[in-house]
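sequence first, predicted coordinates after that:
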Amino acid sequence: SHLLSRRIRPPARTPYICPAGLANLQQLDLSNNGFTGEPPNLPPTLQELVLANNQLTGTLPAGLFQTFGLNTPLQLDLSHNRLSGPLPALTYTPPPFKTLNIGWNLLEGSIPDSWSTLLLNNTNIDARMLRLSGTLPPTFTNAPSYMQAGIQLDNNTCLCGPLPNWYFTAGGSSITFGSTGLGSNCSTCSYPAVTLPVHPDWAGLQSLQAAIVTGPSAVTYGLNATWATIMNGTPCHAVDPNCQLCPLGQPPALCGTLMVNTTGPSTYYCNAQGVACKEGRVSVVNVSWSGLVLSQLPSGLSQLMKLQELGFEGITLNNSPNISVWYSLPGLTTLRLSGNTPTVFDTLPAPSAIYPSVFSQLQTLAISNASYSVGGLPESWGLLTNLSNITLRNVAFLGLGPFGLPASWGNMTNLTSLKLDSLRGLSGSMPASWVTGFTNLTTFKLRNVTGINVTSANMTDFLNQTSRLPATGRPGMQGVAFSGLNLTGTLPPVFFQHRGDVGQQLDEPSGLPYYVPECLAQPAVWRHP
């Protein structure tokens, strides 16, 4: 029946107070926590709720007082938050309060006449340091002298007009109104504009939105509707700091709504399309294959300091991108840049003496349909110890070579999938470290890299590694492809010794003799010119 949870860390969403789970709850104190979002749903048994000194936003719900279902004098403290907007009209008779504190918020406008009963039937109401204006409600002002009230309206500088009739006859009632215009005629009055705190990730998202030149109407409408209209709010969800990606093309009104999960707790879509969040910060931006045309790759993306995944596939860029933006995303784990136009970049981003930590957390890297004017495959990628998946397809290296396969990559112990398909501008042999390394590799594809020389001995040694073909006979590899290469020698029998759960492919292996072993009955794909 009592729950005291002061100073929970880290700051989190406001809890959803479930009546079924706390059926007998009477007192709840969650003050001084930094909770965000709107005031929660309340069980009808609750008699005391303290949410003071948090970061609650939004308006005061019209039905908030109605949820208190008992006649016992109640206490509600929402003071020192960021609640804004007008006081809601009450279409019901609110219960009696022992204490009601809504002070030190951004609530504004006139006091509705429907609040008269609430103001007069309660022992202590604190509405100080709001932005209330106009005259007091007539029913409240004209109440008989026997009505009991203890009301604090101080520092609402735009309140004005006559004081209540009963104020002059005392009768046990009290009202304080320091630094207001009450008791004098009303005149023009306004409050200074309030600038609400801006979410730290809005600037990064806004820079991406500003870079959009054109795109499908449904996509641009959704991004404009969900990115541009809530700049004083959060791109995440005020209730769910770990909200899920709101897909592009989703009706904007559905972003920020509940997404029911039948296998676990219900979650929410984030407020902004193409965005997912973790702990209230943007962790994913995915606008892949949206048809967007951007003026450039916005440098403002570097302000998304908690970004973990960036999906930028199939995006048209009107100018060659400044890839230095990647150097300021320390937490990036997934980067997808496939199918971008134009295709000419300066160089593949990689750790260097100037940027030693770039991609330090990267786990998945997928790039296709691109050309690089400087350098080849970076040796320093071998330092990316978290990298588990590399996919490069239809990539050309246009600079002065020679550029080969980086020997350091063979030492990447966490790499499980390496797919190199249709790479141009490379030459040389398969490094020895590739033959004996890649200890945890399960998928390997080297296809149409015509400048690379691979011998049958390379293939034999590669496939004979114990990590790939254990003594038990169960292969560690799930997919192997040598295709479109300068293959020389005799086809190694070990290539056909894998079991049926392994996909293998030799496609147009130039340089090999036209010889098909009997063991081709084993599952494999063999195509010879």
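Good, I have the coordinates.

can you show me the strands along the stretch 351-500 of the chain?
Applying DSSP state E, counting those that start in this stretch to the stretch 351-500 of the chain gives strands spanning 364-372, 389-397, 417-424, 428-429, 443-447, 452-455, 479-483, 486-488.

what does stretch 76-88 contact?
31, 39, 48-62, 64-65, 68, 97, 99-112, 115, 126, 132, 194, 196 (Cβ atoms under 8 Å, 6 or more residues apart in numbering). In this view, the C-beta of every residue, glycine as well, is placed from N, C-alpha and C.

so of the residues you listed, which ones are in strands?
The members of these that map onto strands under DSSP state E are 48-50, 55-56, 97, 99-101, 106-109, 126, 132.

farthest pair within those residues?
Within these, 48 and 109 form the most distant pair, 27.9 Å apart (Cβ to Cβ).

ok, now which ones touch residue 386?
By Cβ under 8 Å, 6+ apart, the contact set of residue 386 is 333, 360, 361, 362, 363, 414.

report the contact partners of residue 365.
By Cβ under 8 Å, 6+ apart, the neighbours of residue 365 are 334, 335, 359, 387, 389, 390, 391.

any idea how far residue 450 is from it?
23 Å (Cβ to Cβ, to the nearest Å).

please apply the same query to residue 375.
In terms of Cβ to Cβ, residue 375 sits 20 Å off from residue 450.

could I get the strands of the stretch 351-500 of the chain as TSV with mean pLDDT and distance to residue 200?
Formatted as TSV, the strands of the stretch 351-500 of the chain follow (pLDDT from 0 to 100; distance: least, Cβ to Cβ, whole Å):
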stretch	mean pLDDT	distance to residue 200
strand 364-372	84	25
strand 389-397	89	30
strand 417-424	90	34
strand 428-429	89	46
strand 443-447	85	38
strand 452-455	82	46
strand 479-483	68	42
strand 486-488	64	52
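
quick one, which of those is nearest to residue 139?
strand 364-372 (64.5 Å).

distance from the chain centre to the closest one, please.
Distance, stretch centre to chain centre, for strand 364-372: 24 Å (Cα atoms, centre = their mean, to the nearest Å).

ditto for stretch 437-444
32 Å.

just the CA trace of it, in CSV.
Output of stretch 437-444 as CSV, limited to C-alpha atoms (Å, rounded to 0.1, in the frame of the first residue of the first chain):
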residue,chain,number,x,y,z
GLY,A,437,43.8,-16.8,-39.9
PHE,A,438,40.1,-15.8,-39.5
THR,A,439,39.7,-18.3,-36.7
ASN,A,440,36.0,-17.7,-36.2
LEU,A,441,35.0,-17.2,-39.8
THR,A,442,31.8,-19.0,-40.9
THR,A,443,31.1,-17.3,-44.2
PHE,A,444,33.8,-16.4,-46.8
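
OK, contacts around the spatially most central residue of the chain?
Closest residue to the average C-alpha location of the chain: residue 277 at 2.1 Å, with Cα atoms, centre = their mean. Applying Cβ under 8 Å, 6+ apart to residue 277 gives the contacts 235, 236, 237, 241, 242, 243, 270, 283, 284.

is it possible to export the residues you listed to CSV including distance to residue 251?
Formatted as CSV, the contacts of residue 277 follow (distance: Cβ to Cβ, whole Å):
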residue, distance to residue 251
235, 17
236, 19
237, 16
241, 23
242, 23
243, 17
270, 14
283, 23
284, 20
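
name the nearest of those residues relative to residue 422.
Taking those together and measuring to residue 422 by Cβ to Cβ, the closest member is residue 284, at 28.6 Å.

looking at this, that closest one is in a strand?
Yes - with DSSP: H, G, I helix; E, B strand; the rest coil as the criterion, residue 284 is assigned to a strand.

ok, it - how many residues close by?
19 (other Cβ atoms under 10 Å).

before we move on, the earlier item: what about residue 48 and residue 109, which has more around it?
Remark: of residue 48 and residue 109, residue 48 carries more neighbours, 18 against 14, as counted by other Cβ under 10 Å.

is the more buried one bridged to anything, and to what?
residue 27, residue 75 (DSSP bridges).

so residue 100 touches residue 125, yeah?
Yes - contact status for residue 100 versus residue 125: in contact at 4.9 Å, counting by Cβ atoms under 8 Å.

identify the contacts common to those two.
With Cβ under 8 Å, 6+ apart, residue 100 and residue 125 have common neighbours residue 118.

which parts of this structure are helices?
Counting by DSSP state H, the chain has helices at residues 116-120, 138-141, 202-210, 217-227, 432-436, 456-464.

would a markdown table of those helices with distance to residue 423 and mean pLDDT be doable?
Shown next, in a markdown table, are these (distance: least, Cβ to Cβ, whole Å; pLDDT from 0 to 100):
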| stretch | distance to residue 423 | mean pLDDT |
| --- | --- | --- |
| helix 116-120 | 73 | 80 |
| helix 138-141 | 78 | 85 |
| helix 202-210 | 30 | 86 |
| helix 217-227 | 32 | 83 |
| helix 432-436 | 14 | 85 |
| helix 456-464 | 17 | 74 |
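
the ones you listed into JSON lines, with extra columns for mean neighbour count?
Formatted as JSON lines, the helices of the chain follow (neighbours: other Cβ atoms under 10 Å):
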{"stretch": "helix 116-120", "mean neighbour count": "20"}
{"stretch": "helix 138-141", "mean neighbour count": "16"}
{"stretch": "helix 202-210", "mean neighbour count": "19"}
{"stretch": "helix 217-227", "mean neighbour count": "18"}
{"stretch": "helix 432-436", "mean neighbour count": "17"}
{"stretch": "helix 456-464", "mean neighbour count": "19"}
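
number of nearby residues for residue 286?
Residue 286, neighbours per other Cβ under 10 Å, totals 20.

sorry, back to before: quick one: residues contacting the closest residue to the residue nearest to the centre of the chain other than its chain neighbours.
Take residue 277 and drop its neighbours on the chain: the residue closest to it by Cβ to Cβ, 6 or more residues apart in numbering is residue 236, 3.6 Å away. With contact set as Cβ under 8 Å, 6+ apart, residue 236 has these partners: 199, 243, 270, 271, 275, 277, 280, 281, 282.

do that again at 7 Å, thanks
In this structure, residue 236 makes contact with 243, 270, 271, 277, 280, 282, judged by Cβ atoms under 7 Å, 6 or more residues apart in numbering.
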